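[1] Make a model of this:
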Amino acid sequence: MTTDEHASRGIDFDRPNAARVYDYLIGGKLNYAIDREFAERILEVRPEARELALLNRKWLRRAVRFGAEQGIRQFLDIGSGMPTVGHVHEIAQSIDPASRVVYVDNEPIAVAHSEIVLEDNDNAAMVQADAELPADVLEHPTTERLLDFTEPVMLIMAAFIHFVPDARHPAGLVAAYRDALAPGSYLALSSGTFEGQGEEVRRAAELYRKSGTDVVARSRAELRALVDGFEILPPGIVFTPEWRPDDPAEVGAHPEQASQLALVGRKN
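    Numbers count the residues shown, from 1 in each chain. Next up is the predicted model:
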């Protein structure tokens, strides 16, 4: 994009953006110098940060595949971030090309590039909205066009809820989306945690806070409270590599090093 296009989309070059930092960590190219500089600071504290970001992405792919295998053909990805290889629509539509996917993000670069990636895909689209305002998402014309909330949907909150501090009522936010879902819908959620972590994880969270992005690491008990109204499916709330791995060997001796807990729940 040109400088004028950057300005018109409201892109902030003065501080790193979490979506663009994540994109850099998983090997993407949709990021800027300020994002890369911040990511390198994170890597100084947590040299394995790239691998951890990829573990979350691998969990997301398994969760989407699980949802599709249960018959879900509608997906709402909240805080979706940058379009990358193996994103939700690629996984879901590889199982059924008719699967419909709505991505939601308010990061202008994520939105702009998603629009390009999805340009020729009639069953997937990006909604630019503040995900913390559920009505803006659920009542958006694109959402209403692609998703039928009288039928089951998989709601995805991958590495999203830890950016919502308690003061902004994350439980109420999850509940607002839950209430819009039909019975038989699913929630796939992952979140940073301090459970089983060393001091380096707290230092990384502090770097995010100082950059202007709150990160709230939550325990299993706190996540369980956030997803009230969903039946948490086996294996429960576990570290991302432990959630239904394709190969048990992929879990490794220290799954807690993933630093993120994950769950899939069902609305009955």
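[2] For the stretch 1-150 of the chain, which residues score under the pLDDT cut-off?
    1-13, 83-85 (pLDDT under 70).
[3] the strands in it, which residues?
    Using DSSP state E, counting those that start in this stretch, the strands assigned to the stretch 1-150 of the chain run over residues 74-78, 100-105, 124-128.
[4] Next, format those as a markdown table and append distance to residue 207.
    (C-beta placed from N, C-alpha, C; glycine too.) Converted to a markdown table, the strands of the stretch 1-150 of the chain look like this (distance: least, CB to CB, whole Å):
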| stretch | distance to residue 207 |
| --- | --- |
| strand 74-78 | 24 |
| strand 100-105 | 22 |
| strand 124-128 | 27 |
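[5] so which of those strands comes closest to residue 231?
    Residue 231 lies closest, by CB to CB, to one member of the strands of the stretch 1-150 of the chain: strand 74-78, at 18.8 Å.
[6] which residues are contacting the closest one?
    64, 67, 88-89, 92, 99-104, 131, 137, 143, 146-148, 151-158, 160, 177 (CB atoms under 8 Å, 6 or more residues apart in numbering).
[7] Show me the one of the strands of the stretch 1-150 of the chain that comes nearest residue 24.
    strand 100-105 (16.1 Å).
[8] so how far is that closest one from its chain's centroid?
    Relative to its parent chain, strand 100-105 has a centroid offset of 11 Å by CA atoms, centre = their mean, to the nearest Å.
[9] mind putting the strands of the stretch 1-150 of the chain in CSV, distance to residue 169 and mean neighbour count included?
    Formatted as CSV, those follow (distance: least, CB to CB, whole Å; neighbours: other CB atoms under 10 Å):
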stretch, distance to residue 169, mean neighbour count
strand 74-78, 15, 26
strand 100-105, 18, 26
strand 124-128, 22, 22
